[in-house]
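Participant: A predicted structure for the sequence below; I have some questions about it.
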Amino acid sequence: MKGANGGYRCAVTTYDTRAELGDSDSPAEDQLTDAFYTIVSEGAQRLHRSWREVLSTGLAGGLEVATGVLAMFAVVSETGSHLLGGLAFSIGFIALLLARSELFTEGFLVPVTAVVAKRASWPQLGKLWGGTLVANLVGGWLVTWLIMMAFPQFAPTAIESAVGFVNAPLDLRAVCLALLAGSTLTLMTRMQHGTTSDPAKIVAAIAGGFLLAGLSLFHSILDSLVIFSALHAGAPFGYADWLGWLWYTVLLNMAGGLLVVTFLRLLRSKELLQRERQVASNDG
């Protein structure tokens, strides 16, 4: 529509307004859209890795998160505070973030979204989960041996912390602790993918470490490293006790991450998923 001076004032105004708003009428929607496509892209890249890449990345993840266990033992030994120990443990999550390594329980949002968007397959997801879980545990076992050989004074702290996990009965409390651990770490992942700011991502890592380690939630990888440390230090239990705790913790971590966080994210992004699936089908 022409204005009084013959220019297209209304059209320009509408264009400028759209430029300010983005692709939708809500800046928040644009941010969610950007985060969704970032997650799909990253998830597809992770799921198309070779076995060598999956295992090496998972092994590095176990090695790096063990630095957080070392920091936690040091703080708890000196202060007796598990809350402060949880803050110290966040060093491990910061190492994972900056080194671009991976924990098994970080695979409940990003890769799953890529699979649902038809950018990868379910067998590829199984390879990522299985390879990362085993590699995390192997890397963590090795580094916790080094930790206990280098710092034998941390043995009482490691054993005391580990006994609380392996001796826990499989009751409602244990189920809730494991569900919360899975949902907390998946939420941490979602928070980190919702921003491009490295300081904000580090804040999310600190928050995740505080909740998981400070409150002694049942986390399959983190707490396995604590249990390994105790076993290296001569704990009054064995690997069979660890496996008896691990199997249900893994399943409940998955349930917490997939049902409490990932499902809601997928539901929230239903239209974007449908669009991405259509594009993937056309590309195929």
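Facilitator: Great, that's in hand.
Participant: may I see the buried residues of stretch 166-174?
Facilitator: Neighbour-count burial for stretch 166-174 flags Val166, Ala168, Ala174 (criterion: 16 or more other C-beta atoms under 10 Å). (Glycine included, C-beta is placed from N, CA and C.)
Participant: check stretch 182-195 too.
Facilitator: By neighbour count on 16+ other C-beta under 10 Å, the buried set for stretch 182-195 is 182-194.
Participant: let me know the closest of these to Leu70.
Facilitator: The shortest gap between Leu70 and any of those belongs to Leu185, at 19.6 Å (C-beta to C-beta).
Participant: for that closest one, give me its contacts.
Facilitator: Contact analysis of Leu185 by C-beta atoms under 8 Å, 6 or more residues apart in numbering lists Leu103, Thr105, Glu106, Phe108, Gly208, Leu212, His219, Asn253, Gly257.
Participant: change it to 7 Å
Facilitator: Residues in contact with Leu185 (C-beta atoms under 7 Å, 6 or more residues apart in numbering) are Thr105, Glu106, Gly208, Leu212, His219, Gly257.
Participant: just among those residues, which is most surrounded?
Facilitator: Using other C-beta atoms under 10 Å as the neighbour criterion, His219 leads those with 29 neighbours.
Participant: and that residue, what element?
Facilitator: Counting by DSSP states H and E, no helix or strand carries His219.
Participant: any stretches of the protein with poor pLDDT?
Facilitator: Within the chain, the segments meeting pLDDT under 70 span 1-31, 283-284.
Participant: hey, where'd the helices end up in it?
Facilitator: 9-21, 27-47, 51-79, 82-99, 110-116, 122-150, 155-166, 172-193, 198-214, 222-232, 239-255, 263-268, 270-283 (DSSP state H).
Participant: could you find the closest non-adjacent residue to the most centrally placed residue in the chain?
Facilitator: Closest residue to the average C-alpha location of the chain: Glu106 at 2.9 Å, with C-alpha atoms, centre = their mean. Spatial nearest neighbour of Glu106, excluding adjacent residues (C-beta to C-beta, 6 or more residues apart in numbering): Thr189 at 5.4 Å.
Participant: the one you found touches Val112, doesn't it?
Facilitator: No. Between Thr189 and Val112 there is no contact under C-beta atoms under 7 Å: 10.8 Å.
Participant: which of the buried residues of stretch 166-174 sits closest to Gly68?
Facilitator: Using C-beta to C-beta, those come closest to Gly68 at Val166, 20.2 Å.
Participant: so the closest one touches Ala240, yeah?
Facilitator: No. Using C-beta under 7 Å, Val166 is not in contact with Ala240, being 9.7 Å away.
Participant: pull the number of nearby residues for Cys176.
Facilitator: Applying other C-beta under 10 Å, we find 14 residues neighbouring Cys176.
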